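# Below are the sequence and a predicted model for it; my questions follow.
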Amino acid sequence: MDTVPTTAWFTVNRSCNFRCKWCYAKDAVFDSRQTLTMELALRLLKITKEVGIKRITLIGGEPTLWKHLLDFNAECRKIGIKSSLVTNGYRFSNDDFWGEYIKTPNDRISVSLKAFDDKSAMEFAGINNFEAMKIGLRRAIFYFNSGVSFLCNSFASGNLVSLAKIARECGAQTVAISPCTPSFSKDVVDTVGMLEPRELVASFVPEYKEINALFAGKLTFAIKTPLCIWPRDFIEKLIRRKQIRSTCQFQHRSGIIFDPTGQASACNSLANFPMGMIGEDYDNAESLIRVFNSDRVVRVYNHINSYPSEICVNCPINSLCHGGCPLMWSVYDPEKCIPGWNTTER
């Protein structure tokens with residue numbers, strides 16, 4: 001029986017008003033010409049609806065810079081598709097744009113926090129107006145009752161509490177934290193911002209308690225690593241508190257990503273390893289599902305999703321982490337990183 005994706009991401013552009021050093025899309029050099037046309041967006045929307053997908057997510061680049069955003073949102077509402085927006089929120093600080101946006105908003109929003117003061121805004125994201133960043137965040141958070149997400153990476157390491165405090169200052173009631181993972185560009189792996197797995201542990205664990213208190217336990221950590229590299233009592237605490245997300249749509253084979261040209265891929269970080277192109281490999285729901293289940297695509301999924309170490313095969317918690325993000329093993333040796341779940345440790 002064919003596997004059918006249940007969610008989709010539309011990469012609507014590559015341009016951005018930030019210049020984050022760790023951005024997975026920076027290989028496109030923020031080219032404003034790489035933008036999804038309205039004609040193609042509606043064509044893809046029709047296909048995803050026929051597939052049975054009920055919710056899509058708009059990503060970039062920075063999707064608030066996409067000139068078709070409001071018209072596209074209106075079209076989604078017209079045909080009964082829910083849309084989410086992943087944004088840095090910066091453009092929402094502009095009164096005119098915000099006033100127009102809330103006339104035809106997305107159904108949900110995910111706000112990504114990049115900095116915690118003037119210096120880090122310039123150093124990390126190339127932005128010299130931190131106050132405007134906070135205005136945009138506040139508007140998005142209060143209008144959508146949205147939480148905030150940020151990365152635990154080499155730039156933020158040691159400053160996670162500072163990021164959390166800014167999120168709370170801007171009104172966020174929940175926070176989602178995740179580490180950087182590798183991305184691929186022209187067969188070259190990009191590791192900018194990544195923390196080596198044990199550096200990640202050393203960065204996150206000491207700051208967890210204060211962040212958790214700031215958000216009264218409303219915290220989610222997308223761990224993306226083998227759980228066994230963490231202190232067992234810490235992981236058990238996160239599991240008990242339902243604060244851990246350890247696998248992704250790629251491992252469940254449940255989603256699909258479209259780039260501005262209509263090229264379909266399995267993961268944002270694998271944009272240069274496409275499944276197929278609209279008009280060539282697929283042109284409707286039936287042909288897209290056929291591509292999604294083709295021998296070539298399934299082999300790629302199976303190969304990348306294979307257990308990174310023999311230790312993982314019989315691990316009692318392998319269903320929770322499946323060995324972590326499979327892309328990280330393009331950088332690190334799993335045999336040196338994965339100790340195995342110690343069943344006697346407490």
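In hand now; what should we look at?
# OK, contacts around Trp98?
Applying Cβ atoms under 8 Å, 6 or more residues apart in numbering, we find Trp98 in contact with 92, 139. Glycine gets a C-beta too; all of them are placed from N, C-alpha and C.
# Ok, Thr35 next?
For Thr35, the contacting residues are 12-15, 66-67, 260, by Cβ under 8 Å, 6+ apart.
# Residue ranges in this structure under the pLDDT threshold?
Low-confidence segments of the chain (pLDDT under 70): 24-32, 185-187, 343-346.
# would you list every one of the strands in it?
Shown for the chain, the strands assigned by DSSP state E span residues 7-11, 55-59, 82-87, 108-112, 148-152, 175-179, 183-185, 188-190, 219-222, 244-245, 255-258, 263-265, 276-277.
# For the second one, name the packing helices and strands.
Judged by 3 or more Cβ pairs under 8 Å, 6 or more residues apart in numbering; DSSP states H and E, strand 55-59 is in contact with strand 7-11, helix 69-79, strand 82-87.
# show me where the stretch 1-150 of the chain has helices.
38-51, 69-79, 95-101, 118-125, 130-144 (DSSP state H, counting those that start in this stretch).
# out of the contacts of Thr35, which are buried?
Neighbour counting over the contacts of Thr35 (16 or more other Cβ atoms under 10 Å) leaves 12-15, 66, 260 as the buried ones.
# returning to what we had before: what's the closest of the contacts of Thr35 to Glu196?
Ranked by distance to Glu196 (Cβ to Cβ), the contacts of Thr35 are led by Arg14 at 29.1 Å.
# you'd agree the closest one is up against Gln34?
Yes - if you go by Cβ atoms under 8 Å, Arg14 and Gln34 touch, sitting 3.9 Å apart.
# what's around Glu75, how many residues?
Residues lying near Glu75 (other Cβ atoms under 10 Å) number 18.
# go on, Lys119?
With other Cβ under 10 Å as criterion, Lys119 counts 10.
# What count of nearby residues applies to Phe18?
Counted with other Cβ under 10 Å, Phe18 comes out at 20.
# now Val300
Neighbour tally, Val300, other Cβ under 10 Å: 15.
# Quick check: it vs Phe250, distance?
10 Å (Cβ to Cβ, to the nearest Å).
# Can you check which residues contact both of these two?
Ala266.
# Relative to Glu210, which of the helices and strands packed on strand 55-59 is closest?
That would be strand 82-87 among the helices and strands packed on strand 55-59, by Cβ to Cβ, at 26.4 Å.
# Tell me the strands beside that closest one, with direction?
Note on strand 82-87: by DSSP bridges, its sheet partners are strand 55-59 (parallel), strand 108-112 (parallel).
# In that strand, which residues are buried?
Buried, per 16+ other Cβ under 10 Å, within strand 82-87: 83-87.
# any chance of those residues in a markdown table, plus distance to Glu169?
Listed next are the buried residues of strand 82-87 as a markdown table, based on distance: Cβ to Cβ, whole Å:
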| residue | distance to Glu169 |
| --- | --- |
| Ser83 | 28 |
| Ser84 | 24 |
| Leu85 | 22 |
| Val86 | 21 |
| Thr87 | 19 |
